[in-house]
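> Got a predicted structure plus its sequence, pasted below:
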Amino acid sequence: MAYSTIPKGSLYMNTKLYTGNGSTNNITGVGFQPDWVWIKNRGSANHYLFDVVRGVQKNIHSNENYAEVTEATTLTAFGSDGFTLSTDADLNGNGASVVSWNWKAGTGQGSSNTDGSINTTYTSVNTTAGFSISSYTGSGANATIGHGLGVTPNVVLVKCLSSTGNWKMHHTSLAPITSLNLNDTSAQISTASVFNSMATLNSSVFSVGTEGDTNSNGLTYVAYCFADVQGFSKMGSYVGNGNVDGTFVYTGFKPAFVMVKNTSVSQDWYMLDNKRDISNVCDSYVTANNSTAEGTYTLADFLSNGFKLRDTGGASNASGNTFIYMAFAENPFVATSGTTAVPVTAR
């Protein structure tokens, strides 16, 4: 049996809950220096996304198509075990209950990747965890961009920084011509020009077309790329069965974080994790495309080797509908401790 090279998922992706204090707030306990920090106040507030490539104070919202904004009162430092916040009420209001999802990329901002026809400004990459962050300037013509992963990414997520524009996701479970908008509810969209139908997608580069959301001449962009890593991350799809005894999705690990989207019809992006729900069923959710407060709805069980849907409708398990997902591990199904296999139990 092949074992995971990552014995503990929280070494590279971890959910951290915290309470705001309305002042300088040093959030620790992430377990590593986070290079991509996604924060959501569990009340009504925007999602805030920060990364080391763009730098501190520079935020974008997954629930909006707005350009990047620099705000001194937001995230002010990436620390060795977390991050530091200033006084922004959405991120750090006194007494606010907040969730942050954190990923580890490379060492700092990284450097330019020259594998594609467009050189990235910076690429921070973690080949062990299958995750990279890149910034680039668009050309307005069909192009390729280096991602640094050394394997073909399963998900490419792009956001224009210098202008309004939809968040565009390419997911390899869908046809090359299709994309999804993270910031809205739309079903999959067939527009070849967004990612140039991924004319080239391989271990070195991904493609962008002539569409303004991914490659307008002179505009700046950020790209987040993810590859499947055995026992740590899985980007896939499933078909719903519309039953409380729902579809089982095998990931090969006990999930710590799952985001699902119905690609057949208009629906929200549902985000679940193992910190807001410490036991099954997972029913505390936020939606990536909305600023609305955290809700509760019976959605899924996190199991030792995947997740099982418990919803009967469009959110995560509508009969006959296709769903894509991104999942990251708490622990692999079979981890390693020295040379001894350690089976992972369901919760």
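Structure received.
> List the contacts of Thr322.
Ser237, Tyr238, Val239, Gly240, Asn262, Thr263, Ser264 (C-beta atoms under 8 Å, 6 or more residues apart in numbering). Backbone N, C-alpha and C define where each C-beta goes, glycine included.
> What about the fifth one, how many residues nearby?
The tally of other residues near Asn262 (other C-beta atoms under 10 Å) stands at 24.
> gap between it and Ala315?
Here Asn262 is placed at a distance of 7 Å from Ala315 (C-beta to C-beta, to the nearest Å).
> follow-up on the earlier one: redo the contacts of Thr322 as JSON lines? Include distance to Gln109 and secondary structure.
Compiled in JSON lines, these are given as follows (distance: C-beta to C-beta, whole Å; DSSP: H, G, I helix; E, B strand; the rest coil):
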{"residue": "Ser237", "distance to Gln109": "33", "secondary structure": "strand"}
{"residue": "Tyr238", "distance to Gln109": "36", "secondary structure": "strand"}
{"residue": "Val239", "distance to Gln109": "41", "secondary structure": "strand"}
{"residue": "Gly240", "distance to Gln109": "41", "secondary structure": "coil"}
{"residue": "Asn262", "distance to Gln109": "36", "secondary structure": "strand"}
{"residue": "Thr263", "distance to Gln109": "34", "secondary structure": "coil"}
{"residue": "Ser264", "distance to Gln109": "39", "secondary structure": "coil"}
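> what sits up against stretch 103-113?
Here stretch 103-113 makes contact (C-beta under 8 Å, 6+ apart) with 11-13, 32-36, 51-53, 55, 119-126, 129, 131-134, 145-148.
> Straight-line length of it, end to end?
End-to-end distance for stretch 103-113: 20 Å, by C-alpha to C-alpha, to the nearest Å.
> from the middle of its chain, how far away would it be?
Distance of stretch 103-113 from the chain centroid (C-alpha atoms, centre = their mean, to the nearest Å) equals 16 Å.
> Equivalent analysis for stretch 38-48, please.
Here the centre of stretch 38-48 is set off from its chain's centre by 15 Å, with C-alpha atoms, centre = their mean.
> buried residues in it?
Burial within stretch 38-48, assessed by neighbour count using 16 or more other C-beta atoms under 10 Å, is assigned to Trp38, Ile39, Lys40, Asn41, Arg42, Ala45, Asn46, His47, Tyr48.
> Between the contacts of Thr322, which sits nearest Ser163?
Lowest distance from Ser163 to the contacts of Thr322 (C-beta to C-beta) belongs to Thr263, with 26.3 Å.
> Phi and psi next, for Leu11.
Here is the backbone geometry of Leu11 (degrees, to the nearest 10): phi -70, psi -20.
> Tell me if I'm right that it and Phe32 touch.
Yes. Counting by C-beta atoms under 8 Å, Phe32 is a contact partner of Leu11 at 6.5 Å.
> neighbour count winner among those two?
Neighbour count, other C-beta under 10 Å: between Leu11 and Phe32, Phe32 has more, with 17 against 14.
> That one and Glu330, how far apart?
To Glu330, Phe32 is 15 Å away according to C-beta to C-beta.
> And Ser4, what's its pLDDT?
What the model reports as pLDDT for Ser4 is 71.
> Shouldn't it be within a strand?
No. Looking at Ser4 with DSSP: H, G, I helix; E, B strand; the rest coil, it is coil, so not inside a strand.
> Spatially nearest residue to it (excluding sequence neighbours)?
Of all residues not flanking Ser4 in the chain, Gly231 sits nearest, at 2.4 Å (C-beta to C-beta, 6 or more residues apart in numbering).
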